[in-house]
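[1] The sequence and its predicted three-dimensional model are supplied below.
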Amino acid sequence: MPSETKPDPIFTCQMCGDCCRGYGGTYVTERDIQAIAGHIGEDPERFKSRYCQLSGSRYVLAQSDKAYCIFWNKICAIHPVKPRMCRNWPYIRAILEDVANWRIMAKNCPGMRTDVADEVIRRTVAQKIDAREKQAPPQGTKGVDPEDGV
Ligand code: SF4
Ligand code: SF4
């Protein structure tokens, strides 16, 4: 999901929106729901019924035309508070477990470079995750979101 505007050695978002369409939906945590609802001035419970769908027991953002996320409008309309899943993309732990996951994900994300060595990918992803975990938590919260481990 579009999460980086600053180029780095392995990823530069092309703002194509492909990751905001389909692919099983965008999960939202309770913290995401509170943040997005607050941002758009909606009551969290109403937000769930108006902007989310259930996927099993978890909420995902609803989709609008052509399976795009309901908040996609040529850019992400909730960029400052977009869900954890979107913020973290494409630097996720699954790549540290198997760097081949980077190349699989890249098939659906033109911003992810595949012409770099696995070690560069692994090291960059590890640094990004490390930096994310060291960042100050959002105002009014304590510690790192335990659901932030993807
Ligand atoms: S698919 Fe990749 S390049 Fe396209 S908007 Fe999403 S993160 Fe950016
Ligand atoms: S919240 Fe924003 S970045 Fe995430 S899927 Fe929706 S439009 Fe894309």
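    That came in fine, so what should we check first? Numbers count the residues shown, from 1 in each chain. Ligands and ions are numbered 1, 2, ... in the order given.
[2] Tell me the confidence at the most centrally placed residue in the chain?
    What sits nearest the mean C-alpha location of the chain, by Cα atoms, centre = their mean, is Cys86, with 1.2 Å. Note on Cys86: pLDDT of 94.
[3] What of Thr141?
    36.
[4] likewise Ala136?
    pLDDT, Ala136: 52.
[5] low-scoring stretches of this structure, by residue?
    For the chain, the stretches flagged by pLDDT under 70 are 1-7, 23, 136-150.
[6] and it, which of its residues are near ligand 1?
    Proximity of the chain to ligand 1, by Cβ under 6 Å from any ligand atom, involves residues 1-2, 13-19, 89, 109-111. (Each C-beta comes from the backbone N, C-alpha and C, glycine too.)
[7] Recalculate using a threshold of 5 Å.
    2, 13-14, 16, 18-19, 109, 111 (Cβ under 5 Å from any ligand atom).
[8] List buried residues within these.
    Buried members of these, scored by 16 or more other Cβ atoms under 10 Å, are 2, 13, 18-19, 109, 111.
[9] what residues does stretch 16-33 touch?
    With Cβ atoms under 8 Å, 6 or more residues apart in numbering as the test, stretch 16-33 has contacts from 1-2, 36, 44, 47-48, 52-53, 55, 58-61, 63, 66-69, 71-72, 74, 76, 81, 83-86, 89, 108-111, 138, 141, 145, 147.
[10] Please repeat the previous calculation with a cut-off of 7 Å.
    1, 44, 47-48, 52, 55, 58-61, 66-69, 72, 76, 83-86, 89, 108-110, 145, 147 (Cβ atoms under 7 Å, 6 or more residues apart in numbering).
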